[in-house]
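Colleague: for reference, the sequence and a predicted model appear below.
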Amino acid sequence: MRGVAILMVLFYHGFASRQNIDAFSGFPKLFVWLVSPGWTGVNLFFALSGFLITGILLDSKHRPEYYRRFYLRRALRILPAYYALLMLLALLGSYGLQGDRVSFAFLGLSAIYLANVTVLFGVPMKFGILWSLAVEEHFYLIWPAVVRNVSRRMVGIAAIVIAVASTLARVMAALRGQDVFAHYTWLVADGLALGSLLAVLMRGPRGTRKGLQIVSLAAVLMSVGLILIDAAIRRPMAGGALHITSVNLLCMAAVGGALLLGTSAWNFLVRHRTLTFFGEISYGLYLLHMLVFNLFDNLQHQFFPLAPSFKGDFGVMTVRFVFCGSTAIFLAFMSRRYFEEPFLRLKDRSLSPKSDAVGEATAA
């Protein structure tokens, strides 16, 4: 599922982001239209993180070194590559971005995982993909304490409350004329909450194949229901605030569907080697892919100003995607193998055998 999510994001940024679909016709227009929903790959990442992290926390909540194990694993998994990216952005300056040089104010706020709220400090968001990592880090900061100190049932209730509150926050933003698609944590937390809710349900009476089928189907029906409301009134209700809720419900159902497929005779559909490969390098690829695209665009503009732009030209866009995508995939693979892996091995050696009972599913 991580492989699916990162490929959705990669194709979206390669073909649909910053594009006007009406500039195309025929197959190019169809292809751009098909990859345009790729931004929802981030929502799928959120649902996966909520599901995996909450499951890990629930399964280890009564074991020793609960907090130390969790935060040490998260830090060694996430921080090295993340701070390496921030250093690259600082060194590459405007070449690593679209537009002006990245400010030290933005880098400083990003260093403490506030990239999604920089505008509240009067600092423009310069490298957009960092917003989702900030949201995930806020989740990692707060959620372990919730899971540790309340019952499994209360964890599920907390997840529902967060999902509803986040949806209502978007509705309130729409009523106030604000951007419902802003990346503030309180506007996007429902994706993580719904994934967490699925993890809770799968560790209770609903934790059967039949129960999973019911939960996944219910999520799909609620998602479709929200879309049908907009279709009936012929406009996005609350400025499209409920569209995000619909997407997150579908992502929750997608995780449930992957669980069902992975435990059936059709498990080969979710155990494909190619998708597994992209899942393993997904973190590095997510961090690096836009940097590679931006470097290509800026260098082309400086040294080959007469070359045709990728905007509106499907052929140029395809060449750009093949070159930049391949480069980003190679760099992500090298990062995983030679930079991230040593830290992953270190996290295993840093914990005592007694406290390290949870398996490598923690590489969420």
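Modeller: Yes, it's here.

Colleague: and the residue in the chain sticking out farthest from the centre, which of the three is it?
Modeller: The C-alpha centroid of the chain is most remote from Leu306, which lies 36.1 Å away (Cα atoms, centre = their mean). Here Leu306 is recorded as coil under DSSP: H, G, I helix; E, B strand; the rest coil.

Colleague: which residues does the nearest residue to Phe15 once chain neighbours are set aside contact?
Modeller: Leaving aside its chain neighbours, Phe15 sits nearest to Val35 (5.0 Å; criterion: Cβ to Cβ, 6 or more residues apart in numbering). The C-beta positions use only the backbone N, C-alpha and C, and glycine is treated the same way. Contacts for Val35 (Cβ atoms under 8 Å, 6 or more residues apart in numbering) come out as 8, 11-12, 14-16.

Colleague: do that again at 7 Å, thanks
Modeller: 11-12, 15-16 (Cβ atoms under 7 Å, 6 or more residues apart in numbering).

Colleague: one more: Arg101?
Modeller: By Cβ under 7 Å, 6+ apart, the neighbours of Arg101 are 93-94.

Colleague: can you list the buried residues in the top helix by length along the chain?
Modeller: For the chain, the helix that runs over the most residues, judged by DSSP state H, is helix 66-92. Neighbour-count burial for helix 66-92 flags 66, 69-70, 72-74, 76-78, 80-82, 84-86, 89, 92 (criterion: 16 or more other Cβ atoms under 10 Å).

Colleague: which of the three states applies to Pro124?
Modeller: coil.

Colleague: next up, phi/psi of it, please.
Modeller: Taking degrees, to the nearest 10, you get phi -60, psi 150 for the backbone angles of Pro124.

Colleague: could you count how many residues lie near it?
Modeller: 12 (other Cβ atoms under 10 Å).

Colleague: that older thread, in which helix or strand does the residue nearest to Phe15 reside?
Modeller: Using DSSP states H and E, Val35 falls within helix 26-35.

Colleague: in the next helix or strand after that helix, what counts as buried?
Modeller: Next along the chain after helix 26-35, taking DSSP H and E as the criterion, comes helix 41-60. By 16+ other Cβ under 10 Å, the buried positions in helix 41-60 come out as 41-58, 60.

Colleague: related to what we said a few turns ago, so how far is the helix holding Val35 from its chain's centroid?
Modeller: A distance of 24 Å separates the centroid of the chain from that of helix 26-35, by Cα atoms, centre = their mean, to the nearest Å.

Colleague: report the rounded mean pLDDT for that helix.
Modeller: Helix 26-35 comes out with an average pLDDT of 93.

Colleague: now do the buried residues in that helix.
Modeller: For helix 26-35, by 16+ other Cβ under 10 Å, it's 28, 31-32, 35.

Colleague: do you know how far the closest residue to Ala16 other than its chain neighbours is from Leu187?
Modeller: Closest residue to Ala16 apart from its sequence neighbours, by Cβ to Cβ, 6+ apart: Ser36 at 4.3 Å. Remark: distance between Ser36 and Leu187 (Cβ to Cβ, to the nearest Å) = 21 Å.

Colleague: please consider this matter closed, and thank you.
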